[in-house]
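**Q** please find the sequence and the predicted model below.
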Amino acid sequence: MEQKIIKGPGSINKLTEILREYLPGRILLVTGKKSYSESGAEEHLSKIIKGFEYCRFYDFKVNPRLGDIEKGVGKLKKENCDFILAIGGGSVIDTAKAISVLACNKGNAEDYVKGIKKLNDKKIPSVTIPTTAGTGSESTRFSVIYIGKTKYSLEGEAVLSDYAILDHVFTNGLSPVITASTGMDALCQGIESFWSVNSTDESRKLSKEAITLAISSIEKAVNDPDDNSRGKMLEAANLAGRAINVAKTTAAHSVSYPFTSYFKIPHGHAVALTLPHFIQFNNNVDAGSVKDARGVLFVKERMKELVEIIGCTTASGAKHKIIKIMKEIGLETSLINLGISKKELDIIVENGFNPQRVKNNPRKITKSQLRKILERII
């Protein structure tokens, strides 16, 4: 399906027209527990939806579990909701998208999450409104769901919401630390989608725009935010999300999951820990390690182009520039300082090889090579 994206200051007011188009009988409003009021969303939305019947669902965790999604599906059915309105960060939006499709697919939800069963095209109509500038989840056909400590992606065209509204007013109250972590997620997704083996000319165009916007705006958005930097970071996140819709993420995202599951490091920060080092690693691809079917020369050319987009002349320079950005926005780059000892690297190595992500990396990586990368940032 073709999603309709509405963006710019005041774009939240377009929600009135969308609701008039659908005329929902009852809305399932999916939000964060505190972010709904803290982001200013409650103040804005209460005026828009006051003429409609609705119930609110926020009883789920950050990095939602399968049980959280099943609880949401149950609430939607019990309350006879026929429309979903999600406003919040990536976890809120992923939860809403999963509820939208799983409510229309019979059988065990776990089978769909694990890919044992394929989703049909039926869904509950939905609008997604991000209050963070990071995941781009409002425009992706994936929904992150955890079963235990293992991360899965519920995937399908029907997962994509019908509308996405990008209004940076809801990101204005974000703390520097959340702005930094979510902003690095956007930047990392832009970079990974650029070098992914699944990239296309169109997806790389989106990636390039996302990287350029993020690099030029992230430090301002964290340290001295204004409307311009907030708006650019929100757009960068959306562009990166649309790029990974095509290209998907790669090794740095795969390695990030145990950082979050076992050591509670926020997702964007977790991805950024290794991504700078993958710039140099992927740049050193050769005939024996290339995974992109388009060949070594193609990967080399793309890596050269990527380095230039980042604003450097060498892969080493690009690596150090991303690390410098992390330091400038207050994100720790040392694993020891994050409470991860050398002995605990085994946890990252053993749990950081998500097959779906690693296979998208342009250069093959082994566990011993990953360990060397981790030892450099210990």
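**A** Received, thanks.
**Q** how is this structure divided into domains?
**A** Split into domains by automatic domain parsing, the chain comes to 4-171, 176-376.
**Q** measure the shortest one end to end?
**A** Between the opening and closing residues of domain 4-171 there is a gap of 21 Å (Cα to Cα, to the nearest Å).
**Q** the closest residue to Glu43 other than its chain neighbours: which element?
**A** Nearest residue to Glu43, sequence neighbours excluded (Cβ to Cβ, 6 or more residues apart in numbering): Ser37, at 7.8 Å. Yep, even glycine has a C-beta here, placed from its N, CA and C like the rest. Using DSSP states H and E, Ser37 sits in helix 35-38.
**Q** and that helix, C-alpha only, in CSV?
**A** C-alpha atoms of helix 35-38 as CSV (Å, rounded to 0.1, in the frame of the first residue of the first chain):
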residue,chain,number,x,y,z
SER,A,35,5.1,10.7,27.0
TYR,A,36,1.5,11.3,26.0
SER,A,37,1.2,14.3,28.3
GLU,A,38,4.9,15.2,28.5
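**Q** can you lay out the domains of the chain as CSV showing mean neighbour count?
**A** What follows is these, written out as CSV (neighbours: other Cβ atoms under 10 Å):
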stretch, mean neighbour count
domain 4-171, 19
domain 176-376, 20
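**Q** need those domains in JSON lines (columns: mean pLDDT).
**A** Listed next are the domains of the chain as JSON lines, based on pLDDT from 0 to 100:
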{"stretch": "domain 4-171", "mean pLDDT": "96"}
{"stretch": "domain 176-376", "mean pLDDT": "97"}
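**Q** what about the helix or strand following the helix holding Ser37, distance to the chain center?
**A** Next along the chain after helix 35-38, taking DSSP H and E as the criterion, comes helix 41-48. Counting by Cα atoms, centre = their mean, to the nearest Å, helix 41-48 is centred 25 Å from the centre of its parent chain.
**Q** report the next helix or strand after helix 41-48 in sequence order.
**A** strand 54-57.
**Q** which strands or helices does the next helix or strand after that following strand pack on?
**A** Next helix or strand after strand 54-57 toward the C-terminus (DSSP H and E): helix 66-78. In this structure, helix 66-78 packs against strand 27-31, strand 54-57, helix 90-102, helix 109-113, strand 142-147, with contacts taken as 3 or more Cβ pairs under 8 Å, 6 or more residues apart in numbering; DSSP states H and E.
**Q** save those as TSV, and put in distance to Asp167 too.
**A** Supplementary listing: these in TSV, determined by distance: least, Cβ to Cβ, whole Å:
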stretch	distance to Asp167
strand 27-31	15
strand 54-57	20
helix 90-102	14
helix 109-113	31
strand 142-147	22
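**Q** which residues does the longest helix along the chain contact?
**A** What stands out as the longest helix in the chain, according to DSSP state H, is helix 201-223. The contact list for helix 201-223 (Cβ atoms under 8 Å, 6 or more residues apart in numbering) reads 133, 176, 179-180, 183-184, 186-187, 189-191, 193-194, 196, 199, 226, 228-230, 232-233, 235-237, 239-240, 242-243, 245-247, 302, 306, 309-311, 325, 328-330.
**Q** report the secondary structure state of the residue nearest the centre of the chain.
**A** By Cα atoms, centre = their mean, the chain has its centre lying nearest to Thr135, at 2.5 Å. Following DSSP: H, G, I helix; E, B strand; the rest coil, Thr135 is assigned to coil.
**Q** that one and Gly88 touch, don't they?
**A** No: between Thr135 and Gly88 there is no contact under Cβ atoms under 8 Å: 10.7 Å.
**Q** host element of Met184?
**A** Met184 belongs to helix 176-195, assigned by DSSP H and E.
**Q** helix 90-102 and that helix, what's the angle between them?
**A** Going by axes from the mean of the first three to the mean of the last three Cα atoms, to 10 degrees, helix 176-195 is angled at 60 degrees with respect to helix 90-102.
**Q** packing partners of helix 176-195?
**A** Applying 3+ Cβ pairs under 8 Å, 6+ apart, we find helix 176-195 packed against helix 201-223, helix 227-247, helix 251-263, helix 267-283, helix 296-310, helix 315-328.
**Q** can you list contacts of the last one?
**A** Okay, so that is helix 315-328. For helix 315-328, contacts defined as Cβ under 8 Å, 6+ apart pick out 184, 187, 215, 218-219, 222-223, 272, 275-277, 279-280, 283-284, 303, 306-307, 310-312, 333.
**Q** contacting residues around Gly311?
**A** Each residue near Gly311 by Cβ under 8 Å, 6+ apart is listed here: 215, 318, 321.
**Q** any idea how far the closest residue to Ala86 other than its chain neighbours is from Gly90?
**A** The shortest distance from Ala86 to any non-neighbouring residue, by Cβ to Cβ, 6+ apart, is to Ala96 (3.3 Å). According to Cβ to Cβ, to the nearest Å, Ala96 and Gly90 sit 11 Å apart.
**Q** from the middle of its chain, how far away would stretch 148-168 be?
**A** Here stretch 148-168 is found 9 Å from its chain centre; the criterion is Cα atoms, centre = their mean.
**Q** now stretch 177-189: how far from the chain's centre is it?
**A** That offset, for stretch 177-189, works out to 9 Å (Cα atoms, centre = their mean).
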